[in-house]
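[1] Any chance you could fold what I've pasted below:
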Amino acid sequence: MKIEFRPVQPGACRKYTQWAMLVTALALLLTAVAFAVRDSARDAVHTDVSVNSPVYYSSNEMASQGNASEGAANSRNIKNSDTFYTIRAYDGTVAIFRSGDPAPVYTIDTPLSRLTEADRTLLAAGIRVETLSEAYKRIEDYE
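    All right, here's what the predicted structure looks like:
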């Protein structure tokens, strides 16, 4: 058996090279489009909030901006009653106090050291709420 080597025709590889270049160019284009769409979607989500700013969440439905009921907390309907409750730091934990009482009504076991610096600052100043049930809902965020 005799092996014969023939030279490759110059035009034969050109067709495959052109197809490979076309596929590569399309892949690069699709990748660039995918990154652009991903970045624009990420920018749309973080339009109003900078990455380093603290974001506060409350499980209290009444604080929702979409809630138009009279019970929603806003500057027009905060009651100026004599009895209110304050959520604040107490002996290294979080506690609920009735207005004017030195002893807490309720405390949780979560130490302040496990909370963020922003939460500790809020609790040092105290968070005023109008009802005990609202205080219980708010304190759930720290448990």
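[2] Report the buried residues of stretch 124-134.
    Residues of stretch 124-134 classed as buried: 127, 129, 130, 134 (neighbour count, 16 or more other CB atoms under 10 Å). No exception for glycine: its C-beta is placed from N, CA and C like everyone else's.
[3] pLDDT added to those residues, as a markdown table?
    Output for those, formatted as a markdown table (pLDDT from 0 to 100):
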| residue | pLDDT |
| --- | --- |
| 127 | 89 |
| 129 | 91 |
| 130 | 91 |
| 134 | 91 |
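[4] In helices, which of those residues appear?
    Cross-referencing the buried residues of stretch 124-134 against helices under DSSP state H gives residue 134.
[5] out of the buried residues of stretch 124-134, which are inside strands?
    127, 129 (DSSP state E).
[6] And the buried residues of stretch 124-134, which two are furthest apart?
    Greatest spatial distance in the buried residues of stretch 124-134: 127 and 130, 11.5 Å, computed using CB to CB.
[7] who touches both of the two?
    Both residue 127 and residue 130 lack any common contacting residue under the criterion CB atoms under 8 Å, 6 or more residues apart in numbering.
[8] how close does residue 133 sit to residue 84?
    Noted for residue 133: a distance of 13 Å to residue 84, by CB to CB, to the nearest Å.
[9] let me redo that: residue 123
    16 Å.
[10] What of residue 97?
    Counting by CB to CB - residue 97 and residue 84 are separated by 10 Å.
[11] what do you get for residue 5?
    From residue 5 to residue 84 the distance is 96 Å (CB to CB).
[12] try residue 138
    Distance of residue 138 to residue 84, computed by CB to CB: 13 Å.
[13] Now do the shared contacts for those two.
    Counting by CB under 8 Å, 6+ apart, the residues touching both residue 138 and residue 84 are residue 129.
[14] Checking residue 87 next. Helix, strand or coil?
    Secondary structure, DSSP: H, G, I helix; E, B strand; the rest coil: residue 87 is strand.
[15] List the residues that contact the closest residue in space to it that isn't next to it in sequence.
    The shortest distance from residue 87 to any non-neighbouring residue, by CB to CB, 6 or more residues apart in numbering, is to residue 127 (4.3 Å). Neighbouring residues of residue 127 by CB under 8 Å, 6+ apart: 86, 87, 88, 138.
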